[in-house]
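Colleague: Sequence plus predicted model, see below.
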Amino acid sequence: MPTLLAIETSCDETAAAVLQGFGEVLAHEIFSQAEIHSEFGGVVPEVASRNHLVSAPEIIDFALQKAGVQIRDLDAIAATTGPGLASALLVGAATAKGLCIGSGKPFLAINHIEGHLLSPFFGYEKIPPHTAMVVSGGHTLVLDVEGFGSYRLLGRTLDDAAGEAFDKVAKLLGLGYPGGIEIDRLSHSGNPARFDFPRGMIDSGDLDFSFSGLKTAVRIFLEKNGTPTAADLPDICASFQAAVTDVLLSKLFKAARQNKRRILSLSGGVSANSSLRSRAIQLAGDEGLEIHFPPPGLLTDNALMIAFAAAHHLAAGQTDPVDTEITPNFNPSTL
Ligand code: KG4
Ligand code: ZN
């Protein structure tokens, strides 16, 4: 069983993982810079890359120690090479390449989206055909997946990503960064039917999304009604969350029907959302479909999902040259 080290630094998490085979976790370490960036109300690329530079060597050493392996014991070293913040990606990718050059181990350049995409099937040697939705702070995508390496983009957001909408609305509500989890928490005691926020593009006929109108609707609502009272805040959060959930699930299930898939997956940070999860499970049950989510710890950014994607690349005989460039922008054709 091959043993891999993976490094993830595409945004504000510095992470390293050691994976044996497809599912034996030897180490899974994450240092989140969220607290550092919360002061600025969002991720500052320069600050992220400087912190990656400090944390990456420590977290890699720690992961190797925890796994009880040395570089010479590894079969390959992987890093996220895109999409993400250029200055942040460079740190993890350059570190992995340096380790590969020094040790003679093969390098694997892994797409961050593929990491999220495969994470609901962590441990699987074979990825089943399914309809996938990746909902994170940077992306909102629906894809048809035939198996590992065979992905077809069906729809994507035309403006804000779902997580970005959560974070921007949380900011409008004075809830800090990243705000998705806080909106989720407050929604538990809120009434999702109290305010009727727009479900952008729900009837557009395609599988694309738009969340900027929803964000604007919340802003206008707050301008009209003033700072929400503690009693209204949970209802606003729950009503906003219901609008996002309705649009996401309507398109996910539509995509599954169109492609005659019986298996669905939801991944990325927003797939941690409790309302999205419970409604998705309920709808899948109603239609007799199987739905998969990433295991705990693989929802938001981490290196284990990168190691898992890398394990599939390695098993397929795919490695990459050490001069592979980073690709900060999302390009569906390179997925
Ligand atoms: O996948 P991820 O860690 O990073 C990207 O690749 O972008 O996703 C982070 C996003 C943030 O926007 C965060 O607010 C959102 O996931 N998020 C949530 C929840 N937990 C994290 N959104 C809604 N509900 C949650 N429970
Ligand atoms: Zn991510």
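Modeller: Thanks, I have it. Ligands and ions are numbered 1, 2, ... in the order given.

Colleague: Which residues of the chain lie near ligand 1?
Modeller: 11, 136-138, 163, 166-167, 178-181, 184, 268-270, 272-273, 300-301 (CB under 6 Å from any ligand atom). No exception for glycine: its C-beta is placed from N, CA and C like everyone else's.

Colleague: One more pass at 5 Å, please.
Modeller: Proximity of the chain to ligand 1 (CB under 5 Å from any ligand atom) is limited to residues 136-138, 163, 166-167, 178, 180-181, 184, 268-270, 272-273, 300-301.

Colleague: got a list of contacts for the lowest-mean-pLDDT helix or strand in the chain?
Modeller: Of all helical and strand segments in the chain, the minimum by mean pLDDT, DSSP states H and E falls on helix 34-38, at a mean of 81. Contacts made with helix 34-38 from outside it, assessed by CB atoms under 8 Å, 6 or more residues apart in numbering, are listed as D12, V43, V44, V47, A48, N51, G176, Y177, P178.

Colleague: isn't there a helix covering the fifth one?
Modeller: Yes. With DSSP: H, G, I helix; E, B strand; the rest coil as the criterion, A48 is part of a helix.

Colleague: mind listing the helices in the stretch 151-300 of the chain by residue range?
Modeller: According to DSSP state H, counting those that start in this stretch, the stretch 151-300 of the chain carries its helices in the segments 162-172, 180-187, 212-225, 233-259, 274-287.

Colleague: most neighbours per residue, which of those?
Modeller: Using mean count of other CB atoms under 10 Å, the stretch among the helices of the stretch 151-300 of the chain with the greatest mean number of neighbours is helix 162-172 (a mean of 25).

Colleague: Could you check how far H312 is from G149?
Modeller: In this structure, H312 lies at 8 Å from G149, with CB to CB, to the nearest Å as the measure.

Colleague: Comparing those two, which shows the higher neighbour count?
Modeller: Remark: of H312 and G149, H312 carries more neighbours, 22 against 13, as counted by other CB atoms under 10 Å.

Colleague: Which residues of this protein lie near ligand 2?
Modeller: S136, D301 (CB under 5 Å from the ion).

Colleague: which residues does the most centrally placed residue in the chain contact?
Modeller: Most central residue of the chain, judged by C-alpha distance to the mean C-alpha position with CA atoms, centre = their mean, is G268 at 2.8 Å. G268 makes contact with H116, V134, V135, S136, G137, H139, G163, L299, according to CB under 8 Å, 6+ apart.

Colleague: Go again with 10 Å.
Modeller: Residues near G268 by CB atoms under 10 Å, 6 or more residues apart in numbering: 112-113, 115-117, 119, 133-141, 161-163, 294, 299-301, 305.

Colleague: circling back: quick one: the least confident helix or strand of the chain to chain centroid distance?
Modeller: Distance of helix 34-38 from the chain centroid (CA atoms, centre = their mean, to the nearest Å) equals 18 Å.

Colleague: before we move on, what about stretch 205-221?
Modeller: 20 Å.

Colleague: same question, stretch 12-26
Modeller: For stretch 12-26, the distance from its own C-alpha centre to the chain's C-alpha centre is 16 Å (CA atoms, centre = their mean).

Colleague: and if you look at stretch 138-154?
Modeller: The gap between the average C-alpha position of stretch 138-154 and the chain average comes to 13 Å, counting by CA atoms, centre = their mean.
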